[in-house]
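Peer 1: Fold the stuff below for me.
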Amino acid sequence: MTDAARAEFEATYLIETPYPPAQAAEVLAGEQSSGTFVRVAGETDDLRARSRAQVVAIRELEPVAEPSLPNAFLDRRKIAGPYRRAQITVRFPIDNIGANLPTLVATVAGNIYDLGEMTGVKLMSLRLPPDYVRAFDLPRQGVAGTRALTGRAAGPILGTIIKPNVGLTPEQTAATVATLCEAGVDFIKDDEVMANPPNAPLAQRVAQVMKVIEAHAQRTGRKVMYAFNISDETDAMRRHAEMVEAAGGTCVMASLNWCGYSAIQSLRRATPLALHGHRNGLAAMTRHPMLGIDFNAYQVLWRLAGVDQLHVNGLGGKFYETDESVVASARACLQPLAGGDAVMPVFSSGQWAGTVPATFAAVGSDDLIFLSGGGILGHPDGPAAGVQSIRDAWEAARSGVPLPRHAQTHPALAAALDFYG
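Peer 2: As a prediction, the model looks like this:
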């Protein structure tokens, strides 16, 4: 079989190494495919043509004097810098993997981090052919389904998080939900650390919350989407999703990194509900510039698993991430994946009316979930005014009107600007 006949996908990496980048790149390609940099017994020309990954592009960057990460392999060999950085693209045969998501991740982001030749390596992006993408589960609701389920055909989907994070009883949670429904939110979610505790069992919480949401829907004709956190082992998550669906719910949430690809795939196959993907823990993979997985590649993998909504942090928020990084993440979510739907980006972390103009200007789309905790619940005139202040701010941003000017005729926005600064 010729190389041209292979069905392939591409992965792009940022690497750092004291070796020539081409040599280090070949080590990575060999380790993640046929298994070795040098020929060994059994690695025939035919097998190599069929199975070995190929380095197809190298773009060298500025070197650095000090290594980004410790490396005993290099220390034992007394190999020092300068440490050369490069962006490399590796092409992998699809037949090495098939439609197997855990093995795909093991291939593109497995032993690469252990390679002795590297003092830094980060998976930056994935480019998959449409036929390969369609072999996976993919979002079932995505942007269009989330809009249909919330009844919000246009504009951002505004939401909030139940606070306090933990400690509320099911009845107290339902009372908070009633207040938020009346305030006019489209979306409410559990916190990532609130799942199925003894003081507020999920079954009781679902029953109490959905009673309130259904009553509100009967009065208004619109059902608020509630993302129940069902993070757990796989069988429990499937049972809990069935329970939420039977109660009339439309969404469940999972902590993606700790539940894992296989569990989320199984959940996707078991439920039609929207899957709200919480990315907590992702910073362990992204925060170091020379280690881990960039969000651009990360979101592709979770779209293959079938996630419909995915957190991207927020502009000017409380976390470490730059606004430029947040915007790039949101745009990546909305970029069509060949053969699959977009995933709805979820903005959160310190969001309020004042962060709306920058968000709209950067993303240029209403296709997002905008979560605001204190910006809604902490508004001096109450939650309804908090929701209205964000809708007012979005109207101003779409019209290109500065917030202070718009606030002159919109009291909820004016109060928010005065209170939050």
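Peer 1: how about the helices in the stretch 301-421 of the chain?
Peer 2: Per DSSP state H, counting those that start in this stretch, the stretch 301-421 of the chain carries helices over the ranges 323-334, 356-363, 374-377, 383-399, 403-407, 411-420.
Peer 1: Quick one, which of those gets closest to Asp186.
Peer 2: The closest of the helices of the stretch 301-421 of the chain to Asp186 is helix 383-399. By C-beta to C-beta, the value is 9.1 Å. Just so you know, the C-beta spots here come from the backbone N, C-alpha and C atoms, and that holds for glycine as well.
Peer 1: Next, the angle from the closest one to helix 356-363.
Peer 2: If you take axes from the mean of the first three to the mean of the last three C-alpha atoms, to 10 degrees, helix 383-399 sits at 40 degrees to helix 356-363.
Peer 1: Tell me which residues are up against helix 383-399.
Peer 2: The contact list for helix 383-399 (C-beta atoms under 8 Å, 6 or more residues apart in numbering) reads 155-156, 158, 179-180, 182-185, 352-354, 356-357, 359-361, 366, 370, 372, 375-379, 402-403, 405-407, 410-413, 415-416.
Peer 1: do you know which of the helices of the stretch 301-421 of the chain lies nearest Glu10?
Peer 2: Closest of these to Glu10 is helix 323-334, at 16.0 Å (criterion: C-beta to C-beta).
Peer 1: ok, and for that closest one, which residues are buried?
Peer 2: Neighbour counts over helix 323-334 (16 or more other C-beta atoms under 10 Å) mark Asp323, Val326, Val327, Ala328, Ser329, Ala330, Arg331, Ala332, Cys333, Leu334 as buried.
Peer 1: thinking again about what came up before, could the helices of the stretch 301-421 of the chain be laid out in JSON lines, adding distance to Asn296?
Peer 2: Formatted as JSON lines, those follow (distance: least, C-beta to C-beta, whole Å):
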{"stretch": "helix 323-334", "distance to Asn296": "5"}
{"stretch": "helix 356-363", "distance to Asn296": "15"}
{"stretch": "helix 374-377", "distance to Asn296": "28"}
{"stretch": "helix 383-399", "distance to Asn296": "25"}
{"stretch": "helix 403-407", "distance to Asn296": "31"}
{"stretch": "helix 411-420", "distance to Asn296": "32"}
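Peer 1: And those helices, which one averages the lowest pLDDT?
Peer 2: Lowest mean pLDDT within these: helix 374-377, at a mean of 91.
Peer 1: number of nearby residues for the closest residue to Arg269 other than its chain neighbours?
Peer 2: Once flanking residues are discounted, Arg269 sits nearest to Asp137: 6.4 Å by C-beta to C-beta, 6 or more residues apart in numbering. By the other C-beta atoms under 10 Å criterion, the neighbourhood of Asp137 contains 20 residues.
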